[in-house]
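Peer 1: Fold the following.
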Amino acid sequence: MTLKSALFKEALLDHFKQPRNHRDIPFDDHYIVARGTNPRCGDDVEIGIRLTENRVELAEFRGRGCSVCIASTSMLTESISGNTWQEVETLISSVDAWFEKGGELPATLEPLEAVKSVPGRKKCAVLSWNALKEIAEKV
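Peer 2: The predicted structure follows:
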């Protein structure tokens with residue numbers, strides 16, 4: 001295992017153990033919400049965002065899942081908070097392209113490299129991103 005790979009795995013584990021923007025209570029009407037589930041793995045997360053003047057004022061999630069799912073969701077909420085909706089849509093496209101063809105990710109999402117080559121974990125990593133795409137359809 002390379003040092004870079006070890007650091008990515010450590011970052012994923014940190015996001016799993018101490019998820020950012022996690023909440024336990026349901027989202028209220030001030031949020032745009034979408035849910036992602038993977039029955040095979042037991043992942044079940046809800047993403048909620050609050051937009052103010054076309055900017056993500058708050059991005060949070062609730063639910064449960066495996067370490068990859070929770071870490072990816074935690075990184076998602078961190079990476080979109082404070083961004084304009086146009087920046088979020090660009091990021092969604094970049095993440096989709098990266099999972100399909102490769103390329104570059106923003107530094108905050110680079111730890112996902114640790115799971116990209118493990119096909120069984122891809123669904124876990126993209127679950128919350130797919131929920132964010134559902135939110136995009138509502139915006």
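Peer 1: okay, CA-based contacts and neighbour counts for the rest of this
Peer 2: Will do.
Peer 1: what about the host helix or strand of residue 14, average pLDDT?
Peer 2: For residue 14, the element it lies in under DSSP states H and E is helix 3-17. Mean pLDDT, helix 3-17: 83.
Peer 1: which SS state does residue 49 fall under?
Peer 2: Secondary structure assignment for residue 49 (DSSP: H, G, I helix; E, B strand; the rest coil): strand.
Peer 1: Residue 34 now?
Peer 2: Classification of residue 34 using three-state DSSP returns strand.
Peer 1: quick one: it and residue 132 touch, right?
Peer 2: Yes: with contact defined as C-alpha atoms under 8 Å, residue 34 reaches residue 132; the gap is 6.9 Å.
Peer 1: quick one: which of the two has more around it?
Peer 2: Under the neighbour definition other C-alpha atoms under 10 Å, residue 34 and residue 132 were set side by side, and residue 132 has more, 27 against 20.
Peer 1: does that one belong to a helix or a strand, and which?
Peer 2: Assigned by DSSP H and E, residue 132 falls in helix 119-138.
Peer 1: Other residues contacting that helix?
Peer 2: By C-alpha atoms under 8 Å, 6 or more residues apart in numbering, the residues outside helix 119-138 that reach it are 32-38, 41, 43, 45-47, 66, 68-69, 72-73, 76, 89, 92, 112, 115-116.
Peer 1: Looking at these, which are in strands?
Peer 2: The strands, defined by DSSP state E, take in 32, 33, 34, 35, 36, 37, 38, 43, 45, 46, 47 from the contacts of helix 119-138.
Peer 1: which non-adjacent residue is nearest the second one?
Peer 2: Setting aside the residues directly before and after it, residue 33 is nearest to residue 48 in space (C-alpha to C-alpha, 6 or more residues apart in numbering), at 4.4 Å.
Peer 1: Near the one you found, how many other residues are there?
Peer 2: 25.
Peer 1: Just to check, it is in contact with residue 28?
Peer 2: No: between residue 48 and residue 28 there is no contact under C-alpha under 8 Å: 9.1 Å.
Peer 1: picking up where we left off before, mind giving me the PyMOL command for buried ones among the contacts of helix 119-138?
Peer 2: Selection of buried members from the contacts of helix 119-138 for PyMOL, criterion 16 or more other C-alpha atoms under 10 Å:
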select buried, resi 32+33+34+35+36+37+43+45+46+47+68+69+72+73+76+89+92+112+115+116
